[in-house]
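# Need a 3D model of the sequence below.
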Amino acid sequence: MNLAPISVTKTTQPLKKPDANNLGFGQYFTDHMFVAKYSDAKGWYDSQILPYGPLALDPAASVLHYGQALFEGMKAFRQGNGDVALFRMDYNWNRMCQGAERLCMVAPPKELFLEGIRKLVEIDKDWIPENKGSALYIRPTLIGNEGFLGVRPSREYMFFVILSPVGAYYKSGLSPVNIWVEEDFTRACPGGLGATKAAANYASSLKAAYEAKKKDYSQVLWLDTTRTYVEEVGTMNVFFVFKNEIVTPSLEGTILAGGTRDSVIQVLKSWGKPIVERKIKLSEIREGAQSGNLVEAFGTGTAAVITPMGELAAKDWKVKINNGQMGELTTKLYQELTDIQYGFKADNLNWIEKLK
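Prediction:
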């Protein structure tokens, strides 16, 4: 597919860059954004990089009334030699396409998705922090923007990308987090949107996360609708390290297929570790923690990469995992992935694309 050139309008009022040692997560945004439009009549058109600023939306836009909103999360890294590296962009484009199909949206073509991100990151590459553990977070977003009232898919879409320099997702950094086991609210149900990165998924998770934080827990462990099987932890996929196997919940249509999850599985297989994708009962995790058969547990996601879990608690029980300490395998996996991302180790799996 031949795409029209991306027009560029650079800002005349550059923003002040934040303190690289106090970035937090998602609090600051770079000088520019990428925007492209689609209509059934024109196809994809008007691709441009503009100064960061508000988007113009019709008050009747589909995204505002019928929730046609889908996004991805990616990162660009400043490697040890100064190169800029993008991590697994193809994976994110493929997942956006799958989500768009589920939400009856029109996904941007691969060339548009990739080239828009490349060009935007190149223009704002001075915003990429240099400290290991920091990165430039990339948020590609697809919304329905046709103005109408009536329950049907939009005939017009807007695809845009914004960038944010970020540090650690959790204030605790790599310290193990305590997790509340959610037994009242449900994140996803069979046949729903659980396997897509739809904005609605995150709206439905806010109440449970808010209540968990009031109890001094960092996030929630989501269960299936029967409250029997474990699905995700917060906004992350989850892994449990038993003495004889490593288990992550299988993708049954209610769990988001995370890029970091897939990366961890590939690394574990390359190490010859016994990684298994299967349904796992909460009772198995509780019993394993109490007996010592469960030795580590961690979440995976683009934002935090690897997050060790130190404690699980519910209304009438509580268990420690590995005495609340970060485990050996968790540490090794975090080191492996970040060493590849920051260029300290060879990328033998072809996950890295360097900006030319």
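
# contacting residues for K315?
Counting by Cβ atoms under 8 Å, 6 or more residues apart in numbering, K315 makes contact with E183. The C-beta positions use only the backbone N, C-alpha and C, and glycine is treated the same way.

# Ignoring the adjacent residues along the chain, who's closest to K17?
Among residues not flanking K17 along the chain, W127 sits closest, at 6.5 Å (Cβ to Cβ, 6 or more residues apart in numbering).

# neighbours around the one you found, how many?
Look at W127: counted by other Cβ atoms under 10 Å, it has 22 neighbours.

# For it, give me phi and psi.
phi -80, psi -10 (degrees, to the nearest 10).

# got the contact list for the residue nearest to S39 when sequence neighbours are not counted?
Leaving aside its sequence neighbours, S39 sits nearest to E156 (Cβ to Cβ, 6+ apart; 4.7 Å). Neighbouring residues of E156 by Cβ under 8 Å, 6+ apart: 37-40, 144-146.

# just T307 next, same as before
Applying Cβ under 8 Å, 6+ apart, the residues near T307 are 169-170, 174, 177, 233, 236, 298-301.

# Could you identify the most distant pair in those?
L174 and V233 (15.5 Å; Cβ to Cβ).

# Neighbour count for these two, which is higher?
Higher neighbour count among L174 and V233: V233, with 27 against 17, using other Cβ under 10 Å.

# Phi first, then psi, for the nearest residue to that one once chain neighbours are set aside.
Excluding the flanking residues, the one nearest V233 by Cβ to Cβ, 6+ apart is G299, at 4.4 Å. Taking degrees, to the nearest 10, you get phi -100, psi 160 for the backbone angles of G299.

# Could you list the domains of this protein?
Per automatic domain parsing, the domain ranges recorded for the chain read 7-167, 177-341.

# Quick one: mean pLDDT over the longest one.
Think domain 177-341. If you average the pLDDT over domain 177-341, you get 96.

# Would you confirm that V35 contacts I162?
No. Using Cβ atoms under 8 Å, V35 is not in contact with I162, being 9.8 Å away.

# Check which element follows the helix or strand where L333 lies along the chain.
Under the criterion of DSSP states H and E, L333 resides in helix 328-341. Later in the chain than helix 328-341, the nearest helix or strand by DSSP H and E is strand 352-354.

# Give me the mean pLDDT for that following strand.
Rounded mean pLDDT across strand 352-354 is 96.

# Can you spell out which helices and strands pack onto that strand?
For strand 352-354, the contact count by 3 or more Cβ pairs under 8 Å, 6 or more residues apart in numbering; DSSP states H and E identifies strand 84-87 as packing neighbours.

# Quick one: residues in contact with the strand it packs on.
So strand 84-87 is in contact with 74-79, 117-118, 121-122, 125, 128, 138, 259, 341-343, 351-355, going by Cβ under 8 Å, 6+ apart.

# Likewise for stretch 259-274?
By Cβ under 8 Å, 6+ apart, stretch 259-274 touches 87-88, 91-92, 95, 236-237, 239, 244-246, 248, 275, 277, 300-302, 305-306, 329, 333, 336-337, 348-349, 351.

# For it, which residues meet the burial criterion?
259-265, 267-268 (16 or more other Cβ atoms under 10 Å).

# What about the residue nearest to S39? Give its phi and psi, please.
Dihedral pair for E156: phi -140, psi 140, per degrees, to the nearest 10.

# before we move on, what about the one 3 residues further on?
The phi and psi values for F159, taken as degrees, to the nearest 10, are phi -110, psi 130.

# And for I143?
phi -130, psi 150.

# OK, contacts around it?
So I143 contacts 61-63, 68-70, 157-158, 160 (Cβ under 8 Å, 6+ apart).

# Now do the same contact list for K345.
Counted by Cβ under 8 Å, 6+ apart, K345 has contacts 336, 339.

# got any ranges where the stretch 51-200 of the chain has weak pLDDT?
Across the stretch 51-200 of the chain, residues meeting the criterion (pLDDT under 70) sit at 172-173.

# ranges for the strands of it?
Under the criterion DSSP state E, counting those that start in this stretch, strands of the stretch 51-200 of the chain are mapped to 69-71, 74-78, 84-87, 135-144, 156-166, 177-181.

# Redo the ones you listed as a markdown table? Include distance to G310.
Converted to a markdown table, the strands of the stretch 51-200 of the chain look like this (distance: least, Cβ to Cβ, whole Å):
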| stretch | distance to G310 |
| --- | --- |
| strand 69-71 | 30 |
| strand 74-78 | 25 |
| strand 84-87 | 27 |
| strand 135-144 | 25 |
| strand 156-166 | 23 |
| strand 177-181 | 6 |
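
# closest one to P109 among these?
So among these, strand 156-166 is nearest, using Cβ to Cβ, at 9.9 Å.

# Name the strands paired with that closest one and say parallel or antiparallel.
Partner strands and pairing direction for strand 156-166 (DSSP bridges) are strand 32-39 (antiparallel), strand 135-144 (antiparallel).

# now the strands for the stretch 251-356 of the chain?
Under DSSP E, counting those that start in this stretch, the stretch 251-356 of the chain gives strands at 275-277, 294-301, 305-313, 318-320, 352-354.
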